[in-house]
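Visitor: this one's sequence-less:
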């Protein structure tokens, strides 16, 4: 597969995911968690996806509500422990 095609696919998918982050940013206005009043697997899963997208042109931390949400999640013991075990830095989330 030609490199230009691969880049085109990657860029299109990045834009698509960024659009989803934009939707989540709106949804998280005045909310602490994605679903209900307590943390769920959805929150942990979104945190993982956000970390994977740190290198995007518009990373998750560039969205106001999403950034606030992710920074709060990064303070949770479970996330800190997993990131330590996986040797992932939380510096950007402090």
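Guide: Okay, I see it. Note that the structure is predicted; figures quoted are calculated from it, not measured.
Visitor: my read is that residue 69 contacts residue 30, right?
Guide: No: using CB atoms under 8 Å, residue 69 is not in contact with residue 30, being 10.8 Å away. To be clear about C-beta, it is placed using only N, CA and C from the backbone, and glycine gets the same treatment.
Visitor: more neighbours: which of those two?
Guide: For residue 69 versus residue 30, neighbours defined as other CB atoms under 10 Å are more numerous around residue 69 (25 against 6).
Visitor: give the helix, strand or coil label for the residue lying closest to residue 61 once chain neighbours are set aside.
Guide: Nearest-residue entry for residue 61: residue 67, 4.6 Å, with adjacent residues in sequence omitted and distances by CB to CB, 6 or more residues apart in numbering. For residue 67, the secondary-structure state derived from DSSP: H, G, I helix; E, B strand; the rest coil is helix.
Visitor: likewise for residue 56?
Guide: Judged by three-state DSSP, the three-state class of residue 56 is coil.
Visitor: so what's it closest to, chain neighbours aside?
Guide: In space, not counting the residues next to it along the chain, residue 56 is nearest to residue 14; the distance is 5.6 Å by CB to CB, 6+ apart.
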